[in-house]
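Q: The sequence isn't on hand, but the structure is:
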């Protein structure tokens, strides 16, 4: 572009004003986002878990609210005649100029896309009007705040134990530690052992992110130790003891455990970041195999995570040639699920109609998925990415899958030239359906794999119960086994809050006719649940029944479910630890509930 042409192109005051309005909308969003993250610290210091949970749920909606506010402002201030093709191109150029020196340029570009997509037709979804590719680099952005992105400690001068003490005390949490010297000594010993370093020879440099990570009832110190050419990641969870004082619960040094801490099956962290890209870059050094999209998402920047995921998906499509197909497993009554074999995710579309006995609507199903998005997923519910107007290459769809989409979800699919447009879908990480996992274990006569699967299934249900979730449909087909070996729930159309359910024992039959009746003779309310009936649907196989009854028989009793409901109604927030009990310093004290058996995750890892 010539110097003479550029001033002529940027001649619209309307374009500049629109760009300024959009950036102001984003800045307001991120200001409120950081404010919520800062407040998480206070909620932790006051042990106000109910408020903390509410605030975490509220923060999830901040982005969409600010986008909608911005769209309303633009629609009120400008007519459709003002928003010409040329004006919108120029708006993007002005916006790029305004991002010079911005601390969150990648997030601001995504916000621009979100506002634009609410206003423009999808035919404008290209790099002339949107940020299909990022424009502003996020490399080497420096914070303007007094504290840098991460602090550096040099243990050589005063020893590793002194340096670790400074790491903890520099966060200045406004709650005393029960015995910090004891805890730091345990952390030091564990780290030296895990890193294979002798205390006398340790010449480490510690780099620690300057803001603690808050989630549920824990605060997490995240860092890495550098010893010559080697980097060693570590995370130190800070929890409350029963005394009301703080303790260092353990130190995570295994990259496997750290990856699980940042899993897509858990609630988002709250962490104060002026330069989020710097935090993401630091975390990727600890978890190099985790995509940047997932790291942004787990930090609560889920819209940026969606943007990066979709860019990765488009890149994958360009470099692959396999065809989309129906996902393996039992066909669902509510969702139509398809996959691209070379891509580790599945695509879920809500059907237009559902055969009996399903009684639901698309709006109700969407509300269930929204419930999961806002809820603490405790490592047992998969996060989903929700998209609208997704364009797929039509040639990559088989006739069979295309016919299935047209038959079951005609209102959501449209063919536009060489593209298949899906108006609404969910994308979720692919897992092995638990029913297929168990069938395979039975076919191989693999008793150990069968036991692990059944034990993990029961553990998953118990973790959901602790989080006030009743799965509704507990059939094995609604659970999946992740690549890390955890059993995760992923079918949400019948999910309910545990506290909304009424748990009942089956009444004693009044006479022989009652016992022989094909239908229950007693009244059943909409939210009534009879736990003793679960075995009828789940435990038909004797081998599965054996392992289930050995480890999880209490799930078949009303007393178990009712006791947890009563605890939740009394305001008790149970602990669900995002790491194995075995690596905790004091697993029998504090808030621990002993696991009835090692989880599949832990067993597989030990193997």
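A: Received it, and whenever you're ready, just let me know what you need. None of the values given here were measured: they were computed from a predicted structure.

Q: Pull up the distance across stretch 404-424, start to finish.
A: One end of stretch 404-424 sits 16 Å from the other (CA to CA, to the nearest Å).

Q: my bad, stretch 381-390
A: 24 Å.

Q: quick one: average pLDDT of that stretch?
A: Mean pLDDT, stretch 381-390: 92.

Q: can you pull the contacts of residue 555?
A: Shown in contact with residue 555 (CB atoms under 8 Å, 6 or more residues apart in numbering): 458, 461-462, 531, 534, 548, 561. C-betas here are computed from N, CA, C, even on glycine.

Q: Go through those and flag which are in helices.
A: 458, 461-462, 534, 548, 561 (DSSP state H).

Q: which regions of the chain sit below the pLDDT cut-off?
A: Counting by pLDDT under 70, the chain has low-confidence residues at 1-11, 121-127, 199-202, 514, 588-607.

Q: Now do the domain split for it, please.
A: Listed domain ranges for the chain are 5-124, 150-301, 320-430, 433-606 (source: automatic domain parsing).

Q: and the shortest one, how far from the chain's centre?
A: Here domain 320-430 shows a centroid-to-chain-centroid distance of 19 Å under the convention CA atoms, centre = their mean, to the nearest Å.

Q: Kindly report the same for the longest one.
A: The gap between where domain 433-606 is centred and where its chain is centred comes out at 22 Å by CA atoms, centre = their mean.

Q: and if you look at stretch 198-215?
A: 26 Å.

Q: Show me what counts as buried in it.
A: For stretch 198-215, the buried set under the neighbour-count rule, 16 or more other CB atoms under 10 Å, comprises 202, 204-215.

Q: what's the answer for stretch 470-479, then?
A: Buried-residue list, stretch 470-479, by 16+ other CB under 10 Å: 470-474, 476, 478-479.

Q: Ends of it, what's the gap?
A: 13 Å.

Q: Residue 234: what secondary structure?
A: Look at residue 234: counting by DSSP: H, G, I helix; E, B strand; the rest coil, its state is strand.

Q: And the next helix or strand past the lengthiest helix in the chain?
A: The residue-count maximum for a helix in the chain (DSSP H) belongs to helix 13-45. Towards the C-terminus, the helix or strand next in line after helix 13-45, according to DSSP states H and E, is helix 49-77.

Q: Please compute how far that next one lies from its chain's middle.
A: 18 Å.

Q: For the most centrally placed residue in the chain, give me its contacts.
A: Nearest to the mean C-alpha position of the chain, counting by CA atoms, centre = their mean, stands residue 264 at 3.6 Å. Counting by CB under 8 Å, 6+ apart, residue 264 makes contact with 294, 297-298, 382-383, 429.

Q: Which of the residues you listed are buried? Put it as a PyMOL command.
A: Per 16+ other CB under 10 Å, the buried members of the contacts of residue 264 correspond to this PyMOL selection:
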select buried, resi 294+297+298+382+383+429
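
Q: Out of the buried residues of stretch 470-479, flag the one nearest to residue 391.
A: Comparing the buried residues of stretch 470-479 against residue 391 with CB to CB places residue 478 closest, at 29.8 Å.

Q: tell me the contacts of the closest residue to the closest one other than its chain neighbours?
A: Using CB to CB, 6 or more residues apart in numbering and skipping the chain neighbours, the partner closest in space to residue 478 is residue 491 (3.7 Å). When contacts are counted by CB under 8 Å, 6+ apart, residue 491 touches 332, 335, 473, 477-478.

Q: does residue 491 count as helix, strand or coil?
A: Under three-state DSSP, residue 491 comes out as coil.

Q: could you dump the ones in helices among the contacts of residue 555 to TSV with neighbour count and distance to residue 98?
A: What follows is the ones in helices among the contacts of residue 555, written out as TSV (neighbours: other CB atoms under 10 Å; distance: CB to CB, whole Å):
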residue	neighbour count	distance to residue 98
458	21	54
461	21	50
462	22	51
534	17	58
548	22	60
561	20	55
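
Q: Checking my notes, residue 370 in a helix, right?
A: Yes. Assignment of residue 370 by three-state DSSP places it within a helix.

Q: Please report the distance of it from residue 386.
A: Relative to residue 386, residue 370 is positioned 9 Å away (criterion: CB to CB, to the nearest Å).
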